[in-house]
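Engineer: okay, here's the prediction I keep looking at, along with the sequence it came from:
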Amino acid sequence: MNLRIRRRRFGQLVVATAASTAIANFASKSIAQTSPSTIYGLTLSANKAPLAVGNAITAIGSGIDITNVANNTPGVVLVSSDVNTGNQISTLQVAATTVDNQNTPIEAANKAISREPSERLTALSALSNGTFVAVSVVNSNKGDVSRLILINPKSATPIARKISGFKKSNSTVESLLAARDDTLIAVVSQNGGIPPFELVTIDLKSGKVNYNNGLGLPDLLPNIRLSNLAQSSDGTFYATFLEAQGGTSLVQIDLKNKSLITGKGRIINQQRLTLNGKPLANDLKSLVFSSSDQLFALADATYEGTNSLHTVNVKTGEVTLLRKFPVDKIAFAR
């Protein structure tokens with residue numbers, strides 16, 4: 001892991017021998033710089049496709065070693081920025097990491113359709129101890145796998161573990177939130193990123209998916225596209241719902257007023273999201289509340305090929321552009 005505090009955009013990963021010294025420098029500086037106005041963004045540190053994790057890609061024409069891929073995470077870059085001014089504060093480069101549960105089996109299976117392997121980040125959230133939790137997903141013709149990446153500025157190296165225990169092969173984690181009590185709540189796809197989706201919890205220590213978690217997470221209809229889990233300071237859970245005919249809505253996940261029949265929570269429509277008075281056609285990339293309960297969203301709302309930071313009015317659904325922010329996921333530290 002290597003860190004350089006600077007204002008220019010992301011550089012290349014340096015040799016791993018400098019990792020321990022660099023992370024120690026980051027730890028001391030980030031503690032002083034972190035404030036309620038500091039927002040963090042995460043992106044892959046190298047080419048997003050095709051996949052290149054260590055020697056995961058074998059000889060040309062033979063595909064990839066899915067077990068090797070599952071046991072390694074890609075390099076990522078964590079940046080911090082002042083949410084008010086847009087000034088970049090720091091850049092933390094996190095090298096590719098081997099998972100700590102290599103012997104845990106995964107639920108990956110060969111696919112009939114051939115495709116180039118691709119790596120994508122599907123979540124970034126923060127635990128109460130300041131650690132960031134990210135999810136990286138690989139989609140390939142050899143199967144799909146998801147891994148947790150734990151990034152703590154006070155630690156010399158990241159911690160990674162593969163996610164397992166899915167009910168169906170090639171299921172993937174498409175959104176993840178570290179709730180106020182550090183419970184990991186996730187949206188799982190049974191089909192490599194498309195519905196049907198399920199709400200589950202994930203054990204942080206083992207990476208195991210728990211479908212019967214006792215929280216009363218609501219069941220999702222087969223065509224529901226739920227994503228971008230977020231939680232406000234009063235404990236209310238939010239997410240986005242992408243409608244089949246187009247348009248994105250902000251919804252609540254009500255776990256307090258559960259159904260008397262099923263004992264599970266409900267999905268409550270909140271507001272249709274709009275940008276400049278028009279319905280937001282495509283889904284958000286990330287959603288997070290600040291400590292002051294301002295809701296922020298990451299999106300490429302106008303299809304420019306670069307993500308931007310927005311604010312979201314929870315009461316009206318109005319989305320307001322702030323500035324470009326070329327990352328894949330966003331979070332605030334806790």
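Structural biologist: That came through fine.

Engineer: please count neighbours and contacts with C-alpha atoms only from this point.
Structural biologist: Will do.

Engineer: shaky segments in the stretch 101-250 of the chain?
Structural biologist: The model of the stretch 101-250 of the chain has pLDDT under 70 over residues 154-156.

Engineer: mind listing the strands for the stretch 151-300 of the chain?
Structural biologist: 159-162, 172-178, 184-191, 194-202, 209-210, 226-231, 237-242, 248-254, 266-272, 274-275, 278-279, 286-289, 295-299 (DSSP state E, counting those that start in this stretch).

Engineer: and those strands as CSV, adding distance to Arg323?
Structural biologist: What follows is the strands of the stretch 151-300 of the chain, written out as CSV (distance: least, Cα to Cα, whole Å):
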stretch, distance to Arg323
strand 159-162, 32
strand 172-178, 24
strand 184-191, 28
strand 194-202, 29
strand 209-210, 36
strand 226-231, 20
strand 237-242, 21
strand 248-254, 21
strand 266-272, 22
strand 274-275, 14
strand 278-279, 19
strand 286-289, 15
strand 295-299, 10
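
Engineer: tabulate these in CSV, adding columns for distance to Ala331 and mean neighbour count.
Structural biologist: Output for the strands of the stretch 151-300 of the chain, formatted as CSV (distance: least, Cα to Cα, whole Å; neighbours: other Cα atoms under 10 Å):
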stretch, distance to Ala331, mean neighbour count
strand 159-162, 18, 24
strand 172-178, 10, 27
strand 184-191, 15, 22
strand 194-202, 19, 21
strand 209-210, 22, 20
strand 226-231, 10, 26
strand 237-242, 15, 23
strand 248-254, 18, 22
strand 266-272, 22, 17
strand 274-275, 22, 18
strand 278-279, 25, 14
strand 286-289, 6, 26
strand 295-299, 9, 24
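
Engineer: of the ones you listed, which is nearest Leu321?
Structural biologist: strand 274-275 (8.2 Å; Cα to Cα).

Engineer: which elements pack onto the closest one?
Structural biologist: strand 318-324 (3 or more Cα pairs under 8 Å, 6 or more residues apart in numbering; DSSP states H and E).

Engineer: now the strand it packs on against strand 295-299, angle please.
Structural biologist: Interaxial angle, strand 318-324 versus strand 295-299 (axes from the mean of the first three to the mean of the last three Cα atoms, to 10 degrees): 60 degrees.

Engineer: could you give the angle of strand 318-324 to strand 266-272?
Structural biologist: 70 degrees.

Engineer: identify all contacting residues around strand 318-324.
Structural biologist: 86, 273-277, 306-313 (Cα atoms under 8 Å, 6 or more residues apart in numbering).

Engineer: still on that earlier bit, out of the strands of the stretch 151-300 of the chain, which gets nearest to Ser128?
Structural biologist: strand 172-178 (8.6 Å).

Engineer: can you tell me what sits against the closest one?
Structural biologist: So strand 172-178 is in contact with 122-127, 133, 135, 137, 144-146, 183-193, 227-231, going by Cα under 8 Å, 6+ apart.

Engineer: repeat that with 6 Å
Structural biologist: Applying Cα atoms under 6 Å, 6 or more residues apart in numbering, the set of residues contacting strand 172-178 from outside is 122-123, 125, 127, 146, 184-189, 192, 227-229.

Engineer: just flag the most distant two among these.
Structural biologist: Greatest spacing in the contacts of strand 172-178, by Cα to Cα: Leu127 and Gly192 (26.4 Å).

Engineer: for stretch 73-83, what is the distance to the chain centroid?
Structural biologist: 12 Å (Cα atoms, centre = their mean, to the nearest Å).

Engineer: C-alpha coordinates for it, CSV please?
Structural biologist: Extracted in CSV, the C-alpha atoms of stretch 73-83 (Å, rounded to 0.1, in the frame of the first residue of the first chain):
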residue,chain,number,x,y,z
THR,A,73,-8.5,-8.6,-4.7
PRO,A,74,-7.6,-5.9,-7.1
GLY,A,75,-5.6,-2.8,-6.3
VAL,A,76,-7.9,0.2,-5.4
VAL,A,77,-7.4,3.9,-4.8
LEU,A,78,-9.1,5.7,-1.9
VAL,A,79,-9.3,9.5,-2.2
SER,A,80,-10.6,12.1,0.1
SER,A,81,-12.0,15.4,-0.9
ASP,A,82,-13.6,18.4,0.8
VAL,A,83,-17.3,18.1,0.0
